[in-house]
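>>> quick check, what structure comes out for this input:
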Amino acid sequence: MKYVILVPILLAFLLLGFCIVFFGLESRETIVAAAVLGVYILVVVFAYFRLMPIVSASIVDYSLEQGKVQKELLHGLAVPYALLDTDGKILWANAMFYKAVDISDRKFLRGSVDTYIPDLTPEVLDEIEGEISMDVTFHEHCYNAVIRRVDLSLAFEETDRQERRGDDVVIVLYLFDVTNERRLEQETYDQKMIAGLVYIDNYDEVMNSLEEVKHSILNALVDRKINMYLSNIDAIVKHLENDKYLFVFRQKYMKTLQDDRFSLLDDVKNLNVGNEIPMTLSVGIGTAEESFLDAFENAKVAIGLSLGRGGDQVAVKDGDNVTYFGGKSTGTEKTTRVKARVKAQAFEELLENKEKVLIMAHKRPDADAFGSAVGIYRLVTTLGKKAYVVLNDDTDAIGPLVNSFRVGSQYGEMIISSAQALSMVDATTMLVVCDVNRPSMTACEELISLVSTVVVFDHHRQSNEPIEDATLSYIEPFASSACEMITEMFQYISIKPKIRPVEADAMYAGILIDTDNFLNKTGVRTFEAASYLRKSGADITRVRKMFRSSLLSMKERAQGISNAEIFMGVYALSYVEADPDSLDAPTVPVAKAANELLNVENIKASFVVTESADGILYVSARSIGDVNVQVVLEQFNGGGHATVAGAQLKGVSKEDFFVRLKQVLKEMTASGSI
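Numbers count the residues shown, from 1 in each chain. Here you go, the predicted structure:
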């Protein structure tokens with residue numbers, strides 16, 4: 001208030017200064033101005049001290065009146081409003097807040113706010129900086145809570161602020177009822193249409209194993225099961241072909257299907273009218289925010305993922321997220337080679353406009369990776385094109401095979417490094433990726449983005465990390481190995497390849513290693529491929545000598561067996577302390593130990609780990625077919641087959657892994673997921 005008197009006096013002296021400048025110090029005008037100024041100052045001072053108490057009292061009365069008005073406005077505000085301390089205790093609340101929390105008497109509103117609004121926990125309030133907005137639900141209402149942290153000390157001068165306590169902070173809470181808005185949003189979301197596709201995985205195989213008179217019976221039963229199951233979710237079903245269905249349903253039934261874990265898979269699998277092979281389904285479901293057309297496109301991608309993972313499962317694609325259900329069985333071997341013939345002919349057509357082919361497998365290649373690369377090399381060179389195998393890791397696992405190609409001058413330029421491959425890329429280059437379908441696991445991921453024509457040949461189940469925009473993709477999870485797939489393609493090339501004995505040895509070794517000496521994941525086509533290679537010059541004795549185990553390897557395998565722990569009576573868990581000086585891949589000893597543990601009575605699956613010098617934990621899982629180890633290791637970002645799978649974990653100890661693995665096995669066994 002001191003400025004009320006100070007400003008007029010300063011202006012008066014300023015006026016006097018102007019008079020002195022213009023009229024002189026001793027002029028009559030200056031003297032008159034000085035006299036008037038003196039009178040003015042006396043009047044101002046008198047008025048200030050006389051009237052100031054009256055003005056101050058009026059201002060105080062006005063402020064108090066305004067404070068009362070504001071308090072009444074806040075108390076009668078149509079929006080629930082409350083003040084909290086930093087611990088969440090309610091300091092003050094208006095009438096609407098009492099009504100919202102269903103408290104009629106104010107003296108009963110005690111304690112922390114989470115007593116009445118469970119979502120507003122002390123942890124939530126502690127994280128508030130400035131202002132946040134969140135939805136909270138209580139008493140069957142949904143509110144948008146606007147929460148603001150206010151520092152009361154900012155209202156005081158700096159000196160006063162330092163003297164005040166550091167806890168002068170309150171939390172302001174507003175609640176806006178958005179129950180109707182959220183209900184309408186949910187109703188709109190629930191009415192969104194979802195597309196789905198149902199394919200019968202092994203229609204031809206099942207029908208071939210069944211008497212012709214019973215074909216119509218089985219078809220009718222399958223059709224009835226599918227229609228009855230989908231009628232429960234009010235779906236529209238269209239039978240497209242003998243083994244294909246299209247269905248459309250609303251989003252609100254999606255949770256019903258997920259909670260049921262798509263029991264349709266088991267319902268159809270249990271149908272038996274004399275068929276020797278159980279019928280299995282693949283289901284692809286797609287959702288999209290934009291349009292139903294996008295949902296249908298997602299459904300087509302999802303059914304491809306489901307089939308690529310071996311069938312007998314459901315893939316749900318929601319944008320970039322894919323969720324899988326089922327997949328407990330190992331699938332049925334395809335007896336028809338139509339797919340192999342089509343892919344072989346497509347591959348030959350792609351080669352017509354190319355001059356050279358780079359062949360690449362996965363990091364730390366095994367016998368199947370190198371053997372399939374050799375098979376593709378023979379296919380390409382037979383068709384008159386140049387071919388090169390990209391190989392960076394010459395491990396003990398493939399050392400004998402690789403050495404057999406480095407002897408002599410026949411294959412002098414066949415094996416190249418990643419650096420050499422990158423320098424060779426041009427418009428006439430094709431890249432073939434074999435025995436892997438995940439870019440991050442290839443020997444040189446950069447090659448994939450540089451080469452315009454990419455072909456994928458693999459027998460592993462497809463993951464959520466596919467090689468994007470592959471020109472040709474042949475992924476056959478039913479095959480025992482990539483070498484088996486390439487061997488079948490030999491029979492459908494226009495110019496029949498003449499396989500050299502050393503090449504036949506490499507491919508035969510790939511089948512032998514991946515099937516664990518024809519004990520695991522073998523079918524009719526596996527033995528036919530092996531027979532073809534044997535006729536082409538593969539020497540079983542020579543291959544066996546190449547892959548005899550060293551004494552160190554035998555000790556590591558024995559260590560894996562001696563460290564084994566039996567969990568839930570059917571799972572064998574173990575670890576191997578790998579030799580840091582070994583040139584072999586860390587996965588080799590654990591894979592061998594996992595295979596050996598399957599020979600223990602009552603064991604359905606084995607999980608063996610080892611830790612490398614660079615801190616990566618390698619996991620190898622094996623199953624005799626009763627348990628799908630792939631879906632187990634997918635919980636650890638791994639993958640593979642239903643009976644053979646693996647994973648790599650960084651920064652995780654084997655103790656922590658086994659704790660998590662036991663929890664996963666318990667949960668998945670209880671839910672029937674494995």
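>>> residue ranges with poor pLDDT in the stretch 201-350 of the chain?
Along the stretch 201-350 of the chain, the parts satisfying pLDDT under 70 run over 328-336.
>>> which parts of it are strands?
Taking DSSP state E, counting those that start in this stretch as the criterion, the stretch 201-350 of the chain contains strands spanning 236-241, 244-250, 281-287, 313-318, 321-326.
>>> quick one: those strands as JSON lines, columns for mean neighbour count and distance to Thr487 too.
Every residue, glycine included, has its C-beta placed from N, CA and C. Formatted as JSON lines, the strands of the stretch 201-350 of the chain follow (neighbours: other CB atoms under 10 Å; distance: least, CB to CB, whole Å):
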{"stretch": "strand 236-241", "mean neighbour count": "12", "distance to Thr487": "31"}
{"stretch": "strand 244-250", "mean neighbour count": "18", "distance to Thr487": "30"}
{"stretch": "strand 281-287", "mean neighbour count": "26", "distance to Thr487": "26"}
{"stretch": "strand 313-318", "mean neighbour count": "25", "distance to Thr487": "28"}
{"stretch": "strand 321-326", "mean neighbour count": "18", "distance to Thr487": "30"}
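>>> could you export those as CSV, including distance to Val45?
Below are these laid out as CSV (distance: least, CB to CB, whole Å):
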stretch, distance to Val45
strand 236-241, 93
strand 244-250, 83
strand 281-287, 81
strand 313-318, 80
strand 321-326, 79
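>>> the ones you listed: which one's closest to Leu519?
The closest of the strands of the stretch 201-350 of the chain to Leu519 is strand 313-318. By CB to CB, the value is 25.2 Å.
>>> which helices and strands sit right next to the closest one?
Strand 313-318 sits against strand 281-287, helix 292-308, strand 321-326, with contacts defined as 3 or more CB pairs under 8 Å, 6 or more residues apart in numbering; DSSP states H and E.
>>> nearest to Leu401, of these?
Of all these, helix 292-308 sits nearest to Leu401, with 28.4 Å by CB to CB.
>>> other SSEs contacting that closest one?
Helix 292-308 makes packing contacts with strand 193-200, strand 281-287, strand 313-318, strand 321-326 when contacts are defined by 3+ CB pairs under 8 Å, 6+ apart.
>>> partners of the third one in the sheet?
Within its sheet, and counting by DSSP bridges, strand 313-318 is paired with strand 281-287 (parallel), strand 321-326 (antiparallel).
>>> can you tell me what sits against that strand?
Identification of contacts with strand 313-318 by CB atoms under 8 Å, 6 or more residues apart in numbering yields 254, 258, 262, 265, 282-287, 298-299, 301-303, 305-306, 309, 322-327.
>>> report the inter-axis angle for that strand versus strand 193-200.
Angle of strand 313-318 versus strand 193-200, following axes from the mean of the first three to the mean of the last three CA atoms, to 10 degrees, is 160 degrees.
>>> may I have strand 313-318 as PDB, with CA atoms only?
The C-alpha atoms that make up strand 313-318 are tabulated as PDB, following Å, rounded to 0.1, in the frame of the first residue of the first chain:
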ATOM      1  CA  GLN A 313      -3.300 -74.100 -33.100                       C
ATOM      2  CA  VAL A 314      -4.900 -70.600 -33.200                       C
ATOM      3  CA  ALA A 315      -3.000 -67.400 -34.100                       C
ATOM      4  CA  VAL A 316      -4.700 -64.200 -33.200                       C
ATOM      5  CA  LYS A 317      -3.200 -61.100 -34.900                       C
ATOM      6  CA  ASP A 318      -4.100 -57.700 -33.400                       C
END
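>>> so where do the helices sit in the stretch 351-500 of the chain?
Assigned by DSSP state H, counting those that start in this stretch, the stretch 351-500 of the chain shows helices spanning 367-382, 399-406, 418-424, 445-450, 482-490.
>>> quickly, which of those helices bottoms out on average pLDDT?
With a mean of 86, helix 399-406 has the lowest mean pLDDT of the helices of the stretch 351-500 of the chain.
>>> what is that helix packed up against?
For helix 399-406, the helices and strands in contact under the criterion 3+ CB pairs under 8 Å, 6+ apart are helix 367-382, strand 415-416, helix 501-514, helix 540-546.
>>> separation between the closest residue in space to Asp539 that isn't next to it in sequence and Ser404?
Sequence neighbours aside, Asp505 is the residue nearest to Asp539 in space, at 6.2 Å (criterion: CB to CB, 6 or more residues apart in numbering). Distance of Asp505 to Ser404, computed by CB to CB, to the nearest Å: 7 Å.
>>> and if you look at His362?
According to CB to CB, His362 stands 21 Å off from Ser404.
>>> more neighbours: those two, which one.
Taking neighbours as other CB atoms under 10 Å, His362 and Ser404 compare with His362 leading, 21 against 17.
>>> contact partners for that one?
Counting by CB under 8 Å, 6+ apart, His362 touches 369, 435-436, 441-443.
>>> quick revisit: which residues do Asp505 and Ser404 both contact?
Common contacts of Asp505 and Ser404 (CB under 8 Å, 6+ apart): Met546.
>>> need the helices and strands packed on helix 292-308 in TSV with distance to Gln462, can you?
Listed next are the helices and strands packed on helix 292-308 as TSV, based on distance: least, CB to CB, whole Å:
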stretch	distance to Gln462
strand 193-200	15
strand 281-287	12
strand 313-318	10
strand 321-326	10
